[in-house]
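Chemist: For reference, the sequence and a predicted model appear below.
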Amino acid sequence: MPKFLLKRWQGMHIVWIFALLTALIFLMFLYQWEVGVIALLLSGLLVYFTYKAERAFRTELQDYISTLSHRVKRAGSEVIHELPLGILLYNEEKDIEWHNPFVAKMLGEDSLIGEGLYEKFPQLKNRKEKDLRMEITAGKGQIYEVQIKPDERLIYFTDITAAKSLQMRYEEERLAIGIVMMDNLDEATQGLDDQTRSIMMAKVTGEITEWAQKHHVYLRRTSSDRYMLLMDQKGLKALEQSRFELLDEVRDITIENKLPMTLSIGIASGAENLVELGHWAQTSLDMALGRGGDQAAVKVGERLSFYGGRTNAIEKRTRVRARVISHALRDLIKDCDKVIIMGHRNPDMDSIGAAIGVLKMAHVSTKEGYIVLEGVNPSIQKLMETIYEDEKLNRWFITPEQALQITNARTLAVVVDTHKASMTPEPRLLQMTQRKVVVDHHRRSEDFIHDATLVYMEPYASSTCELVTELLQYFHERLTMGVLESTVLLAGIVVDTKSFSLRTGARTFEAASFLRRNGADSSLIQRLLKEDLEQYIQKAEIIKNAVVIYDHIALAVNEPGRKYSQLLIAQVADTLLTMTGILASFVISERPDGRIGISARSLGQMNVQVVMERMGGGGHLTNAATQIEGTLSQATQQLKQILSEIHAEEGLFE
């Protein structure tokens, strides 16, 4: 019996009671010894029975405690054995020392004692030391949460299969909203009679309906060229795995037309509420259209994926949008105090030419306009030397530091030939004003200037200079341009179209015609684009290392230690594309800044933009590039891996 309980039963109060009783008996002996004897006998009997009761109490209490201890041990043992929780002990050699029956049932064995821990649970071997909680699959596909206590060499296993199944079902049944749009309906049906148009529309509608039924997608037509889609996550994953074959099927069934019908699809999932989900779906569609159409953009939470985009953007035959944008830009310029114009870092002819065109708009509107130039690179060296000789034009070029000093809230910032804030020479300028305009011909990417007041992005255009030239034609009725201004704009078009051989449409020649009427000097363009003998030899050094992969792709990797500018790398890619049987070219070389530059070109049968996007770059279907950190061998291996993945997913060529 515990001492504190004995003290309560045999404490000082018992001693004092017997002492008082003894004193009373002694007094009785003094007054009348007969009564004292009787009291003494009675006291003796009381002590005797008390002692007997104490012995019986101790015996019964000890028996009770022993029985209770046994019951508790037995209950504890049964609890450990019957717990819906696995408990496992292992030694320093990672051998299993003991486990409860739950662990044996997990693996369908009688006993695991003496077996190696990692042999029975190989997934635990790859865990990091700091990972004390993880999930494993064991037995017949059951999922268990593992809690590891390394100090006690103890592991707990909890069956979470039901919870995971419920979570998986919840994830699969989450709503996804999509929008399908015929992105070139007007262009594809222009010139068709009513009967032919109706037959083509019926074919396309039937194909879309059949596709929706096949993938269990709810389809609802909302206008003549637009459909709404509703699906769950399981259906969305199936669509992504099929890589939206609807895009190719619709294009194939209308291929006999002069312009085949193409679709753009925007799908969103993972938003907190339906309103936000609807906005995401529209944003995804805008992204697909901004990249040239004929593709699907899927936004799931923070992830944005693109599918399709294997054809060039269809040229818009109407100039209505150009006129509307030109008038809107004129109003914005009139309402500001000055105009700051930025291209992209390491500017090219197209960037400088477009900037000079916007500068002309500012001066026509009697506003101060400035072009932000970070530095001169070899691609614009001769052009800038010519501009520096022209005092009227040269004075409007400023550095990023000067631009920061003169920019305020009423300044209009115009970004040309890029739509990424990170690509501009001074991104902080865009944070200093709410008035922003974007004019670009590249396919839209996720890193977009979302808060721009006015956006004019047309991926079908050959160059930003073409877009700016069209805006100039509608900007002012009596607009006249200088020879150098017209020449620089035309030079931008010539460079980006490779002398009107690539990405050239009817509107490209119309823009060039306008510039020629305003005095553009083609002989000056020839002088600006001339290359020296040393540069030509450098290009030949890279070309000699070229090899052909996938039968039609030229891959040239420069020798380690030799560094060339991005311009030269791009020129080599253009040259390789002129070789017989080559449909696409990739050139990899070290740059003077220590990074690895990759330029990609194609004739249209392969989308090199998709390849460069997977490497962190971007561009057009036929013209793309990227710059990455690392070595030449790492960049080459990464590029080959991406080409292999695309070849396995959907094929490299159209």
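Modeler: Yep, it's here. Numbering: from 1, shown residues only.
Chemist: From here on, just use CA atoms for contacts and neighbour counts.
Modeler: Will do.
Chemist: Next one, pLDDT for the residue most central in space within the chain please.
Modeler: In the chain, the centroid-proximal residue (C-alpha atoms, centre = their mean) is Arg303; its distance is 4.1 Å. We have a pLDDT of 84 for Arg303.
Chemist: that's a helix at Gly293, yeah?
Modeler: No. For Gly293, which was evaluated using DSSP: H, G, I helix; E, B strand; the rest coil, the result is coil, with no helix membership.
Chemist: My read is that it contacts Arg251, right?
Modeler: No. Judged on C-alpha atoms under 8 Å, Gly293 makes no contact with Arg251 at a distance of 12.0 Å.
Chemist: Now for this structure, the helix or strand with the poorest mean pLDDT.
Modeler: Sorting the helices and strands of the chain by mean pLDDT, DSSP states H and E puts helix 3-9 at the bottom, at a mean of 52.
Chemist: Give me the nearest residue to Gln267, chain neighbours excluded.
Modeler: I think there's a mix-up here, since residue 267 is Ile and not Gln. Excluding the flanking residues, the one nearest Ile267 by C-alpha to C-alpha, 6 or more residues apart in numbering is Gly178, at 4.0 Å.
Chemist: need the contact list for that neighbour.
Modeler: Applying C-alpha atoms under 8 Å, 6 or more residues apart in numbering to Gly178 gives the contacts 228-230, 265-268, 281.
Chemist: Kindly recompute the last result at 6 Å.
Modeler: If you count contacts by C-alpha atoms under 6 Å, 6 or more residues apart in numbering, Gly178 has them with 228-229, 266-267, 281.
Chemist: so, if you compare those, which one comes nearest to Thr453?
Modeler: Ala281 (21.2 Å; C-alpha to C-alpha).
Chemist: Ser269 is in contact with that closest one, correct?
Modeler: No. Assessed by C-alpha atoms under 6 Å, Ala281 is found out of contact with Ser269, at 8.0 Å.
Chemist: Now do the helices in the stretch 1-150 of the chain.
Modeler: 3-9, 12-31, 33-82, 101-107, 117-120 (DSSP state H, counting those that start in this stretch).
Chemist: and which of the contacts of Gly178 is nearest Leu412?
Modeler: Ala281 (30.3 Å).
Chemist: and His344, that one's in a helix?
Modeler: No. Remark: His344 does not belong to a helix; assigned using three-state DSSP, it is coil.
Chemist: Look up how far Met606 lies from it.
Modeler: 26 Å (C-alpha to C-alpha, to the nearest Å).
Chemist: ditto for Lys436
Modeler: Distance from Lys436 to Met606, by C-alpha to C-alpha: 34 Å.
Chemist: Likewise for Glu115?
Modeler: Glu115 sits 55 Å away from Met606, taking C-alpha to C-alpha as the criterion.
Chemist: Pick out whichever of the two has more residues nearby.
Modeler: The residue with more neighbours, out of Glu115 and Met606, is Met606; 22 against 14, by other C-alpha atoms under 10 Å.
Chemist: wouldn't the more buried one be in contact with Phe653 here?
Modeler: Yes. Under the criterion of C-alpha under 6 Å, Met606 makes contact with Phe653 at 4.8 Å.
Chemist: can you map out the helices along the stretch 301-450 of the chain?
Modeler: Under DSSP H, counting those that start in this stretch, the stretch 301-450 of the chain gives helices at 320-334, 349-364, 381-388, 391-394, 400-406, 428-431.
Chemist: I'd like those as JSON lines, with mean pLDDT and mean neighbour count appended.
Modeler: As requested, the helices of the stretch 301-450 of the chain are exported to JSON lines (pLDDT from 0 to 100; neighbours: other C-alpha atoms under 10 Å):
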{"stretch": "helix 320-334", "mean pLDDT": "88", "mean neighbour count": "17"}
{"stretch": "helix 349-364", "mean pLDDT": "94", "mean neighbour count": "25"}
{"stretch": "helix 381-388", "mean pLDDT": "90", "mean neighbour count": "16"}
{"stretch": "helix 391-394", "mean pLDDT": "87", "mean neighbour count": "12"}
{"stretch": "helix 400-406", "mean pLDDT": "94", "mean neighbour count": "14"}
{"stretch": "helix 428-431", "mean pLDDT": "92", "mean neighbour count": "18"}
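Chemist: Much appreciated, bye for now.
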